[in-house]
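**Student:** Model the following, please.
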Amino acid sequence: MPDLSRRSLLLGMSLLPLPLPAFGREAAGVMAALPPPQGEVLLTVTGALTRSNSPEGALFDREMLKALGEVEFLTGTPWSEHPQRFRGPSLYSLVTALGLKGGTFTARALNDYSIPVPLSEAVEGGPILAMEIDGQVLSLRERGPLWLIYPFDDIPAYRSEVSYIRSIWQLTRLEWDSAAGETQAG
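**Tutor:** Predicted coordinates:
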């Protein structure tokens, strides 16, 4: 019979897989699946995601996007005559909820216009996925369902051609590429 010291026994036990309680799964790097959307899907996120709710990727309806936490700011844009109040979840909260690290999104609009947006843009106080302007839900006619918009008036660095180009409206899809390098505009 082999000599099992306390040390070798503890080492052997430490190698056994143990079930993780639900609250510890995310901390251990195992992300819980997203709930399925209950309403109309406004945003589809694709790529090698650690969290999804569909074979296509992560699908978000309006309530799911609101649940990420909404941000509101007043800003002027090159496309409006006066400042407007934008409201929606931050790009940062979306990226955080999906557990994404690095890489680039290809943001795609309904008309297939697309622009690369590096994940480094997803910062607190940065761009949001606007669902409302001046308290009104964005319709397709009014640049909806989503508009990736920057707080141009709050952060002077966002008053640039690069940020203007990345402010894509009629946004419906974000295609994440973890291996893509950081690009300026596309």
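
**Student:** got a list of what residue 86 touches?
**Tutor:** For residue 86, the contacting residues are 72, 73, 74, 75, 128, 130, 132, 133, 147, 149, by CB atoms under 8 Å, 6 or more residues apart in numbering. Backbone N, C-alpha and C define where each C-beta goes, glycine included.

**Student:** one more time with 7 Å, if that's ok
**Tutor:** Residue 86 makes contact with 72, 73, 75, 128, 130, 133, 149, according to CB atoms under 7 Å, 6 or more residues apart in numbering.

**Student:** Let me know the pLDDT of it.
**Tutor:** At residue 86, the model reports a pLDDT of 98.

**Student:** Which strand or helix spans it?
**Tutor:** strand 84-89 (DSSP states H and E).

**Student:** Would you mind measuring from the nearest residue to residue 89 once chain neighbours are set aside to residue 180?
**Tutor:** In space, and not counting its chain neighbours, residue 89 is closest to residue 68: 3.9 Å by CB to CB, 6 or more residues apart in numbering. Noted for residue 68: a distance of 23 Å to residue 180, by CB to CB, to the nearest Å.

**Student:** try residue 163
**Tutor:** Relative to residue 180, and taking CB to CB, residue 163 is found at 19 Å.

**Student:** And residue 72, by the same measure?
**Tutor:** 30 Å.

**Student:** ditto for residue 162
**Tutor:** 16 Å.

**Student:** go on, residue 61?
**Tutor:** Distance, residue 61 to residue 180, using CB to CB: 27 Å.

**Student:** So, low pLDDT: which residues of this protein?
**Tutor:** 1-32, 181-186 (pLDDT under 70).

**Student:** Residue 165 looks like it's in a helix, true?
**Tutor:** Yes. Assigned with DSSP: H, G, I helix; E, B strand; the rest coil, residue 165 falls within a helix.

**Student:** Number the residues from 4 up from this point.
**Tutor:** Got it, the first residue is 4 from now on, which makes the last one we talked about residue 168.

**Student:** How many neighbouring residues does it have?
**Tutor:** Neighbours of residue 168 under the rule other CB atoms under 10 Å: 14.

**Student:** gap between the two ends of stretch 133-148?
**Tutor:** One end of stretch 133-148 sits 8 Å from the other (CA to CA, to the nearest Å).

**Student:** Return the distance of it from the chain's centre.
**Tutor:** Computed by CA atoms, centre = their mean, to the nearest Å, the chain-centroid distance of stretch 133-148 equals 19 Å.

**Student:** picking up where we left off before, would you mind listing the buried residues in the strand holding residue 89?
**Tutor:** For strand 87-92, the neighbour count (16 or more other CB atoms under 10 Å) marks 87, 89, 90, 91, 92 as buried.

**Student:** same deal with stretch 148-159?
**Tutor:** 148, 149, 150, 151, 152, 153, 154, 155.

**Student:** Can you give the contact residues for the host helix or strand of the fourth one?
**Tutor:** Take DSSP H and E as the rule and residue 151 turns out to sit in strand 149-152. Residues outside strand 149-152 that contact it (CB under 7 Å, 6+ apart) are 45-46, 89, 91, 94, 110, 130-134, 141, 169-172, 174.
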